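Trainee: Here is my input; please provide its structure:
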Amino acid sequence: MTHAAHTFDGIALASYLQPIFSLPHQRAVGYEALLRGIAPSAPPIEPFDLFGKAIVEGSVALLDRTSHATHLASAATRLPAATWLFLNINPSTFTDAAYAAELAALARACGLAPERIVIEVLESGGTELARIAQATHAFRSQGFLVAVDDFGAGHSNIDRLLTLRPDIVKLDRSLVRTQAAHLRDALLPKLVGLLHESGMFVVAEGIETEQDLLLAARSNVDFVQGYLFGRPAPELVQTASAAMLFETVFDTLTQMRHAERLASDLLLTPYRSQLEDAIARLSDGASTEAACAALLALPCTSNCFFLDQRGRAFSPALPGAAARPAGERFAPIADPSTGRWDNRAYFADALASREQLIASAPYLSVTGASLCVTLTVAVRYRGAWIVVGTDIDWQKLSTQAAAIL
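Mentor: Residues are numbered from 1 along each chain as shown. The predicted model follows:
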């Protein structure tokens, strides 16, 4: 679909739309407008080629503004009710002091309220932070929402992002499609959680397979976009088939979480039981060594430790069957005896729920430089509250999970 009034260097410009879905709503909530050049008897010209030509000719600002006029005129007749239009914008255009008001006026002239438009700006390291912040405020004051595009690629910087605080962050496809398992499975959910805590919605781009969608859902992103739901097209993509994809993914996640909880409970059961027995023997007057002997003998026990109410060790930690020699590389952090550990969640949670066994999530132990799970219990001992705990080598223990799952 072209608009005769919108051309660039003799090339007719067209607006292609790609849907953006809300995972919890399980429907399209917006469409990204993507520029195409239309030439007779030739495939559509991609934005990269159009803007490459504009860079050579020194007319990037002209093409950028003309693209917005093209998208707005096209969306006026095509954009479904109660959906957003996502518009890409060059950082230099975005920081033009007068452009927010100009674009708002153009949108209204096309019959679209600025509140229905999301301005996508590339988080470029080459643009001064203060100017980007001022532009973000200017566009918001006109009613637009502001999104940072392609976060996670190029000049992306979490500090700049938290300073700008856009309404929406679009994660670069490289974060979803990376083959690095630690990034996929651990860092992405934490990044999404940080953005949510900072008051931003999150879009995962580049969703091409059901596995990509599963990762996005597991990471708790809000919105998804990609070829799995349809390529950019001159007409609206039919989105009815996406509902079944979402249902399948949500059902799979429910099953996975249930299986993981079951596996974790089964794996930790002997360690829970032996820690409880150790507490009982300690209360009956046994020494720490005698009280914890059975627990220390379990194959994945790294240690047992004993902390007073200030989080300091009042008795030496005892090495378990999975204890590893510190080695020279991590020797500076190997000895926990002089430390104070009351700022650790496993300590605070134990004191908050006294006489109840607390299990931490897996984390990197600062004393062992290995992934571990810590079990703790706060109990009365010789007239004072103490925290007794055990570190479990989670990497070693979790290798057994595959057989259980």
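
Trainee: ok now the host helix or strand of residue 106, how far from the chain's centre?
Mentor: In this structure, residue 106 sits in helix 99-109 according to DSSP states H and E. Averaging C-alpha positions (CA atoms, centre = their mean, to the nearest Å) puts helix 99-109 33 Å from its chain's average.

Trainee: pLDDT (mean, whole number) over that helix?
Mentor: On average, the pLDDT along helix 99-109 is 98.

Trainee: Pull the number of nearby residues for residue 113.
Mentor: 11 (other CB atoms under 10 Å). To be clear about C-beta, it is placed using only N, CA and C from the backbone, and glycine gets the same treatment.

Trainee: Just give the nearest non-adjacent residue to it, would you?
Mentor: Spatial nearest neighbour of residue 113, chain neighbours left out: residue 143 (6.7 Å); criterion: CB to CB, 6 or more residues apart in numbering.

Trainee: Also residue 129?
Mentor: residue 160 (5.8 Å).

Trainee: picking up where we left off before, from the contact counts, what lies against the helix holding residue 106?
Mentor: Judged by 3 or more CB pairs under 8 Å, 6 or more residues apart in numbering; DSSP states H and E, the packing partners of helix 99-109 are helix 60-78, helix 129-141.

Trainee: Run through who's touching that helix.
Mentor: The contact list for helix 99-109 (CB atoms under 8 Å, 6 or more residues apart in numbering) reads 65, 68-69, 72, 93, 113-114, 117, 119, 135, 138-139, 141-144.

Trainee: Next secondary structure after the helix or strand harbouring residue 390?
Mentor: Using DSSP H and E, residue 390 falls within strand 384-393. Using DSSP H and E, the next helix or strand after strand 384-393 towards the C-terminus is helix 394-398.

Trainee: List the buried residues for that next one?
Mentor: Neighbour-count burial for helix 394-398 flags 394, 396-398 (criterion: 16 or more other CB atoms under 10 Å).

Trainee: Now tell me which of those residues the prediction trusts least.
Mentor: residue 398 (81).

Trainee: circling back to that earlier point, now the helix holding residue 106 and helix 129-141, what's the angle there?
Mentor: Here helix 99-109 runs at an angle of 30 degrees relative to helix 129-141 (axes from the mean of the first three to the mean of the last three CA atoms, to 10 degrees).

Trainee: got the angle for helix 99-109 vs helix 60-78?
Mentor: 30 degrees.

Trainee: Pull the CA coordinates from helix 99-109 and hand them back as PDB.
Mentor: Output of helix 99-109 as PDB, limited to C-alpha atoms (Å, rounded to 0.1, in the frame of the first residue of the first chain):
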ATOM      1  CA  TYR A  99       9.600  17.900  16.600                       C
ATOM      2  CA  ALA A 100       7.500  16.500  19.400                       C
ATOM      3  CA  ALA A 101       4.900  19.200  18.900                       C
ATOM      4  CA  GLU A 102       5.100  18.900  15.100                       C
ATOM      5  CA  LEU A 103       4.600  15.100  15.200                       C
ATOM      6  CA  ALA A 104       1.700  15.400  17.700                       C
ATOM      7  CA  ALA A 105       0.000  17.900  15.300                       C
ATOM      8  CA  LEU A 106       0.600  15.700  12.300                       C
ATOM      9  CA  ALA A 107      -0.900  12.700  14.200                       C
ATOM     10  CA  ARG A 108      -4.000  14.600  15.200                       C
ATOM     11  CA  ALA A 109      -4.400  15.800  11.600                       C
END
